[in-house]
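Undergrad: Here's a sequence, model it:
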Amino acid sequence: MAGGTSNYFEYQHTVGFEETNIVGNVYYVNYLRWQGRCREMFLKERAPQVLDELQDDLKLFTLKVDCEFFAEITAFDELSIRMRLLDLAQTQVEFSFDYVRLDPGDGETLVARGRQRVACMRGPNTRTVPARVPESLVTALEPYAA
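TA: Predicted structure coming up:
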């Protein structure tokens, strides 16, 4: 679901009732879940070799997440979560996420913006050590640099 000639990877989502509170607003934790889902779909569609490495000994540890809110969203809003590469270091990657409500009639509203920093690690669970970002991931991320 990549955005054509745009420099972001796009994951589209329809907000469900279970993602809202009693007054109908989306729980903040769902924004963080959607970041993870967008990242997962990116790996599935653009970097499947990384999924193979995750089955081996690669681990992606989320070090930091944040989200800034600009407008409320409710059940059945259509969202585009747009992921870009913010920073690529030897062992870490930082992503940005724009949460855009797709309004009827082709309008768009930026409702939130988030960030996520991830570290690559390798080794058994009891002795993981920092590892270089896999080359296949670096290559897959190049078109999405902010």
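
Undergrad: For this protein, give me the ranges with low pLDDT.
TA: In the predicted model of the chain, residues 1-5 satisfy pLDDT under 70.

Undergrad: for it, which helix is longest?
TA: In the chain, taking DSSP state H as the definition, the longest helix is helix 28-46.

Undergrad: on contacts alone, who are the packing partners of that helix?
TA: strand 9-14, helix 48-55, strand 58-69, strand 78-88, strand 92-103, strand 107-122, helix 135-141 (3 or more C-beta pairs under 8 Å, 6 or more residues apart in numbering; DSSP states H and E). All C-beta spots, glycine's among them, are computed from the backbone N, C-alpha and C.

Undergrad: which of the residues in that helix are buried?
TA: If you call a residue buried by 16 or more other C-beta atoms under 10 Å, then helix 28-46 has these buried ones: Asn30, Tyr31, Leu32, Trp34, Gln35, Cys38, Arg39, Met41, Phe42, Leu43, Arg46.

Undergrad: which two in those residues are spaced the farthest apart?
TA: Taking C-beta to C-beta as the measure, the buried residues of helix 28-46 span a maximum distance of 23.4 Å, between Asn30 and Arg46.

Undergrad: ok so, going back, adding mean neighbour count and distance to Val23, write the helices and strands packed on helix 28-46 out as JSON lines.
TA: Below are the helices and strands packed on helix 28-46 laid out as JSON lines (neighbours: other C-beta atoms under 10 Å; distance: least, C-beta to C-beta, whole Å):
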{"stretch": "strand 9-14", "mean neighbour count": "18", "distance to Val23": "19"}
{"stretch": "helix 48-55", "mean neighbour count": "14", "distance to Val23": "38"}
{"stretch": "strand 58-69", "mean neighbour count": "14", "distance to Val23": "15"}
{"stretch": "strand 78-88", "mean neighbour count": "19", "distance to Val23": "19"}
{"stretch": "strand 92-103", "mean neighbour count": "19", "distance to Val23": "18"}
{"stretch": "strand 107-122", "mean neighbour count": "17", "distance to Val23": "16"}
{"stretch": "helix 135-141", "mean neighbour count": "17", "distance to Val23": "38"}
